[in-house]
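J.: model this:
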Amino acid sequence: MAEPPVLLWGSGVEHLLTYGALMPLLEAALAKFSGGDTAEVLQPVRSSVALKKHVGVMGLMPAYMENDGILSTKVVCFYQRKPGSTLPGVQSTVLLLDPEYGNVKAVIDGEVITSMRTAAVSAISAKLLMRPDAEVLTILGTGRQALSHYNVFMEIFPFKEVRVWSRSKDNAERFSTSVRGPVKVYSSAEEAVRGADVIITVTRCTEPVLFGQWVKPGAHVAAVGACRPDYRELDDVLMKESVLYVDSRAGAMEESGDVILSGVEVFAEIGEVISGKKPALREKTTVFKSLGMGCEDAVSAKLMYEQWKAERS
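T.: Sure, this is the predicted structure:
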């Protein structure tokens, strides 16, 4: 008889994931996903159910990595909250299963996994696509994803200047005082973006918040918000004047309003760049549209579970 699942939840388990251990696993998973071998990563596009009464969507994100022996699924709910709402915009749980027996081995706080693996994948895109002399980082948004992106980008890149913008000045000021390094708060997104080498969009916006006319030629944009087909963070000018990279072509063409509504063709999946199948065009203005994938959650969940077991041995 299978043992009951382990519960890994809250701030007490965040130490089980480190960017140093996580990023190589994510790079390998992304390369495998884009390799075309279904035995490596079997992952359907996220399925969703509308939560009309609550102006939200529930998504299911299963993944099976046969050669790695990983089976997992994430249940995630997205909400379009009204300004000033104290309710969370995203809630998620990751289930790690034994692929042979089918039992749940661990129930894991999806917020911990989602925030760290998403930021780590954005950092991977920047490592591959931003110019080597990049010095100025701009973050549009001040929520949990903004914090995790700040942490990993400052851990692995030598940025000399960090800028932040939020529609709420109080949130931006709070963010700037919550991080270790110096952050300059801007009153407008345009001012924060002008001259930046790397721009991260982690907002809940449903209309464009980043415009191509503001973006420095050769800049790299990691776009994380707007994960619905009618949501936008980036305008058509930016989309059409940039080289577009994504985590998943199929996912982008079904879920990303930035891609669907702009009509821009995907140049490559980031996994194809990792494996050398497609080039990293650093000299161009690049956009990496991140929607998140089940295989990213899968390797993160396995790492957390194995770290937990190691601590108990």
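
J.: quick one: low-confidence ranges for this protein?
T.: Within the chain, the segments meeting pLDDT under 70 span 1, 37-39.

J.: please parse it into its domains.
T.: 6-113+295-312, 118-292 (automatic domain parsing).

J.: assign a three-state SS to residue 206, would you?
T.: coil (DSSP: H, G, I helix; E, B strand; the rest coil).

J.: so it sits against residue 225, correct?
T.: No. At 9.1 Å, residue 206 and residue 225 do not qualify as touching, with contact defined as C-beta atoms under 8 Å. The C-beta positions use only the backbone N, C-alpha and C, and glycine is treated the same way.

J.: can you add mean neighbour count and give the domains of the chain back as CSV?
T.: Shown next, in CSV, are those (neighbours: other C-beta atoms under 10 Å):
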stretch, mean neighbour count
domain 6-113+295-312, 17
domain 118-292, 20
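
J.: hmm, back to that, shared neighbours of residue 206 and residue 225, anything?
T.: residue 231 (C-beta atoms under 8 Å, 6 or more residues apart in numbering).

J.: now the helices for this structure?
T.: For the chain, applying DSSP state H gives helices covering 19-33, 110-129, 144-156, 169-178, 189-193, 236-241, 249-255, 257-262, 270-274, 294-312.

J.: what helices and strands are in contact with the last one?
T.: The reference is to helix 294-312. Under the contact criterion of 3 or more C-beta pairs under 8 Å, 6 or more residues apart in numbering; DSSP states H and E, helix 294-312 touches strand 6-8, helix 19-33, strand 56-65, strand 70-79, strand 90-97, strand 104-109, helix 110-129.

J.: next, the contact list for the residue most central in space within the chain, please.
T.: Central residue check for the chain by C-alpha atoms, centre = their mean: the C-alpha nearest the mean position is that of residue 118, 2.8 Å away. Residue 118 is in contact with 145, 148, 149, 224, 290, 292, 296, counting by C-beta under 8 Å, 6+ apart.

J.: and the fifth one, what is it in contact with?
T.: The reference is to residue 290. Here residue 290 is in contact with 118, 121, 122, 125, 222, 223, 224, 246, 247 (C-beta under 8 Å, 6+ apart).

J.: could you measure from the residue nearest to the centre of the chain over to residue 293?
T.: Going from residue 118 to residue 293 by C-beta to C-beta, to the nearest Å gives 10 Å.

J.: same deal with residue 185?
T.: Distance from residue 185 to residue 293, by C-beta to C-beta: 33 Å.

J.: what does residue 134 give?
T.: For residue 134 relative to residue 293 (C-beta to C-beta), the value is 26 Å.

J.: can you tell me the closest non-neighbouring residue to residue 35?
T.: In space, and not counting its chain neighbours, residue 35 is closest to residue 275: 6.4 Å by C-beta to C-beta, 6 or more residues apart in numbering.

J.: residue 144 versus residue 95, what's the distance?
T.: From residue 95 over to residue 144 the distance is 21 Å, taken as C-beta to C-beta.

J.: residues in contact with residue 174?
T.: residue 142.

J.: the residue nearest to residue 184 when sequence neighbours are not counted pairs with what?
T.: Counting by C-beta to C-beta, 6+ apart, residue 163 is the residue found nearest to residue 184 once chain neighbours are left out, at 5.2 Å. On DSSP bridges, the residues paired with residue 163 through beta bridges are residue 138, residue 184.

J.: got a list of what residue 163 touches?
T.: 136, 137, 138, 139, 183, 184, 185, 186, 192, 196 are the contacts of residue 163 under C-beta under 8 Å, 6+ apart.

J.: at 7 Å instead, please
T.: Neighbour list for residue 163: 138, 184, 186, 192, 196 [criterion: C-beta atoms under 7 Å, 6 or more residues apart in numbering].

J.: the residues you listed: which two are farthest apart?
T.: Of all pairs drawn from the contacts of residue 163, the widest gap by C-beta to C-beta lies between 184 and 196 and measures 11.3 Å.

J.: wait, residue 21 sits on residue 304?
T.: No. If you go by C-beta atoms under 7 Å, residue 21 and residue 304 don't touch, sitting 10.1 Å apart.

J.: restricting to C-alpha, output stretch 219-231 in PDB.
T.: In PDB, the C-alpha atoms belonging to stretch 219-231 read as follows (Å, rounded to 0.1, in the frame of the first residue of the first chain):
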ATOM      1  CA  ALA A 219      17.000  45.000 -26.100                       C
ATOM      2  CA  HIS A 220      15.700  41.700 -24.800                       C
ATOM      3  CA  VAL A 221      12.200  41.400 -23.500                       C
ATOM      4  CA  ALA A 222      11.000  38.600 -21.200                       C
ATOM      5  CA  ALA A 223       7.200  38.700 -21.300                       C
ATOM      6  CA  VAL A 224       5.600  36.700 -18.500                       C
ATOM      7  CA  GLY A 225       2.100  38.100 -18.000                       C
ATOM      8  CA  ALA A 226      -1.000  38.000 -20.400                       C
ATOM      9  CA  CYS A 227      -1.500  34.200 -20.500                       C
ATOM     10  CA  ARG A 228      -4.900  34.300 -22.100                       C
ATOM     11  CA  PRO A 229      -5.700  34.600 -25.900                       C
ATOM     12  CA  ASP A 230      -7.400  38.000 -25.400                       C
ATOM     13  CA  TYR A 231      -4.800  39.400 -22.900                       C
END
